[in-house]
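Test case, fold it:
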Amino acid sequence: QVQLVESGGGLVQAGGSLRLSCVASGSIFSINAMGWYRQAPGMQRELVATILSTGSTDYADSVKGRFTISRDNAKNTVYLQMNSLKPEDTAVYLCKVWVRTTPSPFQYVYWGQGTQVTVSS
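The predicted structure follows:
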């Protein structure tokens, strides 16, 4: 089993910044991709950003230039630096990781519980 613990959410004014963290622990052989998704009330869950073990990143168009995803492999941690926040960024932000628990190439997907980000206008 793998556990994910997210932190860093909160209430911020438009134009402000927040940094989210997600720490993975448990039966981890290696972590391939790590990512952040978000879900606003009444909306579908959407991709925010992903980062591969190589460091390659991908972003939703709506956050490009404002958000930065990074990871610390030694700490099994992924971060999301969010700058120039807008009210439309308000959502529950969830961490997702693709984990190998053994040397086998098979990987499992785990989700965190989510952390609330609220941006006031």
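
and the closest residue to Gln113 other than its chain neighbours, what is it in contact with?
Closest residue to Gln113 apart from its sequence neighbours, by C-beta to C-beta, 6 or more residues apart in numbering: Glu6 at 6.7 Å. Quick note: C-beta positions are derived from backbone N, CA and C, even for glycine. By C-beta atoms under 8 Å, 6 or more residues apart in numbering, the contact set of Glu6 is Leu20, Ser21, Cys22, Tyr93, Leu94, Cys95, Gly112, Gln113, Gly114, Thr115.

Which of the residues you listed are buried, as a ChimeraX select command?
To isolate the buried members of those in ChimeraX, using 16 or more other C-beta atoms under 10 Å:
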select :20,21,22,93,94,95,112,114,115
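
Number of residues surrounding the nearest residue in space to Met43 that is not next to it in sequence?
Among residues not flanking Met43 along the chain, Ala91 sits closest, at 7.6 Å (C-beta to C-beta, 6+ apart). By other C-beta atoms under 10 Å, the residues close to Ala91 number 22.

Ala91 touches Ala40, doesn't it?
Yes: using C-beta atoms under 8 Å, Ala91 is in contact with Ala40, at 4.2 Å.

Perfect, I'm done here.
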